[in-house]
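A.B. asks: give me a 3D structure for the following:
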Amino acid sequence: MLNKKRNRESGEIDGSSLADIAFLLLIFFLVVTTIDVDTGIGLVLPPIPDDIEPPPVRERNLMNILVNAQGMVLIDEEPASINEVRDRIKRFVDNNGVDPDLSDSPDDAIVSIKTDRRTPYNVYINMLDEVMGAYAELRHQASMDRFGVPFSSLEQNSERREEIQEMYPKKISIAEPDEG
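C.D. replies: Predicted coordinates for the structure are as follows:
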């Protein structure tokens, strides 16, 4: 009798709560997972004006940059390469009234960028980088001349940093593309 094998039923795991556990795990991972969102270009737009006429801008204080659908750059209606943009903006902004064709002062200088709806995105981004780089170099040089330290090492909201920012304010106009 001892040699007789019993037919045992195989053990089963109750699967009724398995769906509940999977559902709870799914909810848990949805709640704790962060999803990266493309932030785009961080530009602070000015407030919408209250139907007030903008002040007149002297033509010499305005540098017009046009980027057409083929990615070609025109600065004041003259063809230019993206590599020239930074130096031309620095000359324009830092003129201080010396050249009658350039701005009166850094405070009066306005850089206007206009694109076509079909302008290649990378050309537009490169153009913005060159404009921002020109102002960064001007501010860096002013900080080195005035305080002997790079502009980037000045503390946020410090008087020195604000003084340099007031010397070279970023006055950049990004015009709406023409319909077409």
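A.B. asks: distance of Ile52 from Lys170?
C.D. replies: Ile52 sits 22 Å away from Lys170 when distances are taken as C-beta to C-beta, to the nearest Å. Backbone N, C-alpha and C define where each C-beta goes, glycine included.
A.B. asks: which SS class is the residue nearest the centre of the chain?
C.D. replies: Taking C-alpha atoms, centre = their mean, the centroid of the chain lies closest to Ile41, which sits 3.5 Å from it. Here Ile41 is recorded as coil under DSSP: H, G, I helix; E, B strand; the rest coil.
A.B. asks: distance check, the nearest residue to it once chain neighbours are set aside against Val32.
C.D. replies: Closest residue to Ile41 apart from its sequence neighbours, by C-beta to C-beta, 6 or more residues apart in numbering: Leu128 at 7.1 Å. With distances taken as C-beta to C-beta, Leu128 is found 36 Å from Val32.
A.B. asks: which one's more surrounded, the two?
C.D. replies: Leu128 (15 against 7; other C-beta atoms under 10 Å).
A.B. asks: picking that back up, wait, doesn't the residue nearest to the centre of the chain sit right on Met132?
C.D. replies: No. If you go by C-beta atoms under 8 Å, Ile41 and Met132 don't touch, sitting 10.5 Å apart.
A.B. asks: of Ile52 and Lys170, which one has the most company?
C.D. replies: Lys170 (17 against 6).
A.B. asks: quick one: residues contacting the more buried one.
C.D. replies: 132, 135 (C-beta atoms under 8 Å, 6 or more residues apart in numbering).
A.B. asks: swap in 7 Å and give it another go.
C.D. replies: Tyr135 (C-beta atoms under 7 Å, 6 or more residues apart in numbering).
A.B. asks: how much space separates it from Asp14?
C.D. replies: For Lys170 relative to Asp14 (C-beta to C-beta), the value is 68 Å.
A.B. asks: alright, I will stop here.
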